[in-house]
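>>> take this sequence and fold it.
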Amino acid sequence: MNTRFATYEAARIIVPGLTFALLLALYGWAFLEEYLGGPWPVGPQIAAFAFAVLASGLTMYARETPKRRRAFQENQPSAHLQQIARGLKGAEALSDDEARRFYFHLLNHHMPPLPHDKIFFFGTVYHIMVHVRRTTFWFGILTSVSILWHLSAGGTLSEAAGLILLCGSVWTVYGLNIGSNKADRNMQESYHDQILWMESNRPLIERLLKSRRLYQKAESA
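Numbering: from 1, shown residues only. Okay, the predicted model is just below:
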């Protein structure tokens, strides 16, 4: 379990970071080399690419912007646990933080391995797809503005062929990502599956909620 968790978390850092670094490298080749000079030595290129992967990947990982999206916020399993606790005699209401901690306790100690891994997998895919979507959007804007700047400076379309190809490719990837919206659907399906598991194992959840109350009373005594 721990090894798989580390793999999923590493993917959430490396894949978005690689996407950003690759697009930045292609943008540098298609546009920046002409103005900054190049080609640059291989060693500095590799070092800059590795730095871009880690810096951008860690930055996107730390900001956690995918968690603010509606597809992530709606139908949260932790909110369903709060509903169960409110309707259960002998159990205390759960705050948002308590519900999340209780949810992860269920996930890590009571949920079977297959659905457990499926939850982490779809969560990782969701985060990656959202970051890829946003990265391609901003590079689409950047390359479009660069083409206009190149033409306004007296350049020709043939001279900007590489930049035009990059711009078209980036907008295509962004359009396909927006059009399918599969990451959002998979996230919601994963939530519904978790809630179904909770309802199927409601006696276990109610027992754990009641024992949690007894434990809190013993602690405060």
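
>>> could you name the helices and strands sitting against whichever helix in the chain runs longest?
Counting by DSSP state H, the longest helix found in the chain is helix 113-152. In terms of contacts (3 or more CB pairs under 8 Å, 6 or more residues apart in numbering; DSSP states H and E), helix 113-152 is packed against helix 2-27, helix 96-109, helix 161-180, helix 182-200. All C-beta atoms are positioned from the backbone trio N, CA, C, and that covers glycine.

>>> redo these as JSON lines? Include distance to M129.
Shown next, in JSON lines, are those (distance: least, CB to CB, whole Å):
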{"stretch": "helix 2-27", "distance to M129": "10"}
{"stretch": "helix 96-109", "distance to M129": "22"}
{"stretch": "helix 161-180", "distance to M129": "7"}
{"stretch": "helix 182-200", "distance to M129": "4"}
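
>>> so which bits of stretch 99-117 are buried?
Going by neighbour count (16 or more other CB atoms under 10 Å), the buried part of stretch 99-117 is 99-100, 102-103, 106-107, 111, 116.

>>> which residues touch it?
Stretch 99-117 is contacted by residues 1, 4, 77-79, 81-82, 85, 94, 119, 193-194, 197-198, 201, 204-205, 208-209, 212 when judged by CB atoms under 8 Å, 6 or more residues apart in numbering.

>>> can we see that at 7 Å?
The contact list for stretch 99-117 (CB atoms under 7 Å, 6 or more residues apart in numbering) reads 4, 77-79, 81-82, 94, 119, 193, 197, 204.

>>> span of stretch 147-161 from start to end?
10 Å (CA to CA, to the nearest Å).

>>> same question, stretch 86-106
With CA to CA applied, stretch 86-106 spans 18 Å between its terminal residues.
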